[in-house]
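J.: model the structure of this input:
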Amino acid sequence: MTSTAKRGIELLHDPSLNKSTAFTESEKQALGLVGLVPDVTETEDLQLQRVMMQLGHKNTDLERYIYLVNLLDHNETLFYRTVMSYADVTQAMQKASASAR
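T.: Now for the predicted structure:
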């Protein structure tokens, strides 16, 4: 279980703690998240599959970069899991970042 003094919306605004739909029912209760996150609980593997599906719908490296930066801003755990699991995603992000400068 996540150990933090933050609760509710404050926890959800912290990308290092926010697990989105991966919070278990007991975590939702203990952290004051009931009603603030969807009722469904998904594994991180399922979240990762959804991220990869969303990335597959992006047409350019820049769009993928923007999507991943947004993910980083909201759910660091899922972002780093994506980057570590799919090196090609990281390379696309680096290329887009360099070309955006």
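J.: for the protein, what spans make up the helices?
T.: 8-12, 25-30, 44-56, 61-74, 76-85, 87-100 (DSSP state H).
J.: flag every buried residue along the fourth one.
T.: By neighbour count, with 16 or more other Cβ atoms under 10 Å as the criterion, the buried positions of helix 61-74 are 61-62, 64-65, 67-68, 71-72. From N, CA and C alone the C-beta is placed, and that goes for glycine too.
J.: determine which of the helices of the chain approaches Lys19 most closely.
T.: Nearest of these to Lys19, taken as Cβ to Cβ: helix 76-85 at 6.1 Å.
J.: in the closest one, what counts as buried?
T.: Buried, per 16+ other Cβ under 10 Å, within helix 76-85: 76-79, 81-82.
J.: any idea which residue sits dead centre in this structure?
T.: By Cα atoms, centre = their mean, the chain has its centre lying nearest to Asn75, at 3.4 Å.
J.: any weak-confidence spans in this protein?
T.: 1-2, 89, 92-93, 96-97, 100-101 (pLDDT under 70).
J.: skipping adjacent residues, who's closest to Pro38 in space?
T.: Thr21 (5.5 Å; Cβ to Cβ, 6 or more residues apart in numbering).
J.: need the contact list for that neighbour.
T.: 37-38, 40-42, 47 (Cβ atoms under 8 Å, 6 or more residues apart in numbering).
J.: rerun at 10 Å
T.: 37-44, 46-47, 50, 75, 78 (Cβ atoms under 10 Å, 6 or more residues apart in numbering).
J.: one more: Leu71?
T.: 15, 20, 47, 51, 54-55, 78-80, 82-83.
J.: same question for Ala98.
T.: 61, 65.
J.: neighbours around Thr4, how many?
T.: 12 (other Cβ atoms under 10 Å).
J.: wait, it touches Leu31, no?
T.: Yes - with contact defined as Cβ atoms under 10 Å, Thr4 and Leu31 form a contacting pair (7.6 Å).
J.: which residues are contacting stretch 50-57?
T.: 20-21, 42, 63-64, 67-68, 71, 75, 78-79, 81-82, 85-86, 88-89, 92-93.
J.: returning to what we had before: TSV for the buried residues of helix 76-85, including distance to Glu25?
T.: TSV is the format used below for these (distance: Cβ to Cβ, whole Å):
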residue	distance to Glu25
Glu76	22
Thr77	18
Leu78	19
Phe79	24
Arg81	22
Thr82	25
